[in-house]
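Visitor: Got a sequence here, can you model it:
(2 chains, ligands or ions: 3)
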Amino acid sequence: MSIFRILTSSIGKKVLMAITGLLLSFFMVFHLFGNLFLFVSEQAFNSYVEKLNYFKPLVRVAEFFLLLFVFSHAYTGISLWWSNRKAKQKSGSYSKTNTSQAARTASITGSFVFIFLITHWATFWYKFNFEHPESYYQVVLGNEVGFGNPFFSVFYIVAIALLGYHLKHGFLSAGQTLGIKGTKYEKIYVGVSSLFWLWIPLGFISIPLWFGFIKQVVSP
Amino acid sequence: MNINLKIWRQKDKKDKGRFKAYKLQNIDPNISFLEMLDILNNRLIKEKLEPVAFDHDCREGICGSCGFMINGQPHGPQKATTVCQLHMRSFNDEDEILLEPFRANSFKVVKDLSVDRTAFDRIISSGGFVSVDTGKAEEANSTVIEKSNADEAFLSAACIGCGACVAACKNSSAMLFTAAKVSQFTLLPQGEPEQKERVQSMVATMDEEGFGACTNTGACSAECPKEISQENIARLNREFIKSQL
Ligand code: HEM
Ligand code: SF4
Ligand code: FES
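Guide: Ligands and ions are numbered 1, 2, ... in the order given. Below is the predicted model:
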């Protein structure tokens, strides 16, 4: 597909949004895998982070692409939202029957996820990369920006729940945008969708829930 | 039965428009919705008032002329039914019924409930045709076409171009209409040779006409009087992606 058409046609923008959204969704799998070391032990989590540091150049490349995906995704999302606003008449009704709330609020939940990502980078990511703490485990579960602080725990739980809700529509929507409906891949695709909008978000939520409210490591 | 109508009245494109209330008494529940509006209009004409403008032609659900919003739903409450095939028995005595034109910036109101849908015609004229030689009826009958493709093409071709999909959509997107029109050709061998240019130029016209982009809410198929399915949109996307590769 020519770059020009991707950025100018409605379907081109949607395809870019779908592909970047899916790549971000797949990234969540790896991210969650790493996070779950928190449940093993302080040492296990710290040595996992150390191992990642060993591959720093590779991690930097991956981070660059993730950032690119987030911005392309948000750019196409906002640009479509804007043209859709222009297409719509302000007065008058459109049909709310038979459409899902998740679909109608995708741009709102997406914007909230963006705010969450900024916070996430400004706290954990910044501290991990620039403050070289003695124990990464203590940063995540501590009371400064971690889950020892009930404010951060609640914020994470709400944000991930909204991300799940964003993906409840987004994951299937991406499949439709890429033309999966009506092909032999539709069944598998719909089958795995709940992994991304339900199970993985639940996995992420389990961490602030457990260490924030059930078994605190560092008290507030 | 008695009904309380609230109808959008708008003189012309420039007028701001407003709702006006009308009461109709002793309406036979078995007349059609448009016949009910005929009764109202006869009364308005007798009273030397301006009748309510609304589009209609075949009144049998095949031409795509009719269509407006009834209580916030394009073509009203009955599934898979154009407003011309809707009957008053779908409503209750003393119901309040709100009538509005289809709302989208690409469908400007001409007058009252009648909107300008020529944007659809321009989408069609940019590619919704076959210009290669397809022979005569005998050739059509002797062309081997897979049954499932023929059936799918027939279902897509059932789209009457009424515009309800655009009105139903929160983004005022014309994807379902364009998808149905692209599909009906794509699925048949006669449409194949011009497929690439067709899908590119129809999508480009759809964008230029100012319709919004689909966010896959599915409101269009749910409200479509011909039940054109979301699979058409998936097919349009596939064809568009293929055409760019
Ligand atoms: C890591 C975070 C995110 C992931 C994994 C993600 C994933 C997805 C996916 C898979 C889609 C479906 C694409 C399609 O409809 O074809 C989507 C749609 C969308 N996303 Fe995201 N997204 C994320 C963050 C964001 C952010 C930060 C925004 C901010 C503007 C956003 C806004 C949207 C919008 C507006 C849609 C369109 C939904 C629709 O089709 O109605 N997303 N997202
Ligand atoms: S797709 Fe359905 S709602 Fe849209 S124009 Fe065709 S018949 Fe009307
Ligand atoms: S008047 Fe022809 S479809 Fe309704």
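Visitor: Any idea which residue is closest to the centre of the chain?
Guide: No chain in the question, so chain A it is. When C-alpha atoms, centre = their mean is applied to chain A, the residue found nearest the centroid is A:L163 (5.8 Å).
Visitor: Actually, chain B is the one I wanted.
Guide: Ranked by distance to the mean C-alpha position of chain B (C-alpha atoms, centre = their mean), the top residue is B:C162 at 1.8 Å.
Visitor: Show me where the chain dips below the pLDDT cut-off.
Guide: No chain was given, so I picked chain A. A:1-3, A:5-6, A:90-98, A:218-220 (pLDDT under 70).
Visitor: which residue ranges form the helices in chain A?
Guide: Applying DSSP state H to chain A gives helices spanning A:3-8, A:10-35, A:37-40, A:42-54, A:56-87, A:101-104, A:106-120, A:126, A:136-141, A:150-177, A:186-194, A:200-209.
Visitor: Ok, which of those comes nearest B:R103?
Guide: Nearest to B:R103 among the helices of chain A is helix A:56-87; the distance by C-beta to C-beta comes to 10.5 Å. C-beta coordinates here come from the backbone N, C-alpha and C atoms, glycine included.
Visitor: How about the closest one and ligand 1, touching?
Guide: Yes - contact of helix A:56-87 with ligand 1 (C-beta under 6 Å from any ligand atom) involves A:H73, A:A74, A:G77, A:I78, A:W81.
Visitor: Format these as TSV; extra columns: distance to A:K168 and neighbour count.
Guide: Below are the residues of helix A:56-87 next to ligand 1 laid out as TSV (distance: C-beta to C-beta, whole Å; neighbours: other C-beta atoms under 10 Å in any protein chain shown):
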residue	distance to A:K168	neighbour count
A:H73	17	23
A:A74	19	17
A:G77	16	23
A:I78	21	14
A:W81	18	18
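Visitor: out of the residues you listed, which touch ligand 3?
Guide: Among those, none lies close to ligand 3 by the criterion of C-beta under 6 Å from any ligand atom.
Visitor: ok, back up a step: tell me which residues touch the closest residue to the residue nearest to the centre of chain A other than its chain neighbours, please.
Guide: Nearest residue to A:L163 in three dimensions, chain neighbours excluded: A:V113, at 5.0 Å (C-beta to C-beta, 6 or more residues apart in numbering or on different chains). By C-beta atoms under 8 Å, 6 or more residues apart in numbering or on different chains, A:V113 lies in contact with A:A159, A:L162, A:L163, A:H166.
Visitor: Ranking by neighbours, what's the top pick from those residues?
Guide: Highest neighbour count within those: A:L163, with 26 neighbours (other C-beta atoms under 10 Å in any protein chain shown).
Visitor: Touching, it and A:F114? I think so.
Guide: No - proximity of A:L163 to A:F114 does not meet the contact threshold set by C-beta atoms under 8 Å, at 10.4 Å.
Visitor: Counting neighbours, what do you get for B:L37?
Guide: Neighbours of B:L37 under the rule other C-beta under 10 Å: 22.
Visitor: and it, that's in a helix?
Guide: Yes - B:L37: assigned to a helix according to DSSP: H, G, I helix; E, B strand; the rest coil.
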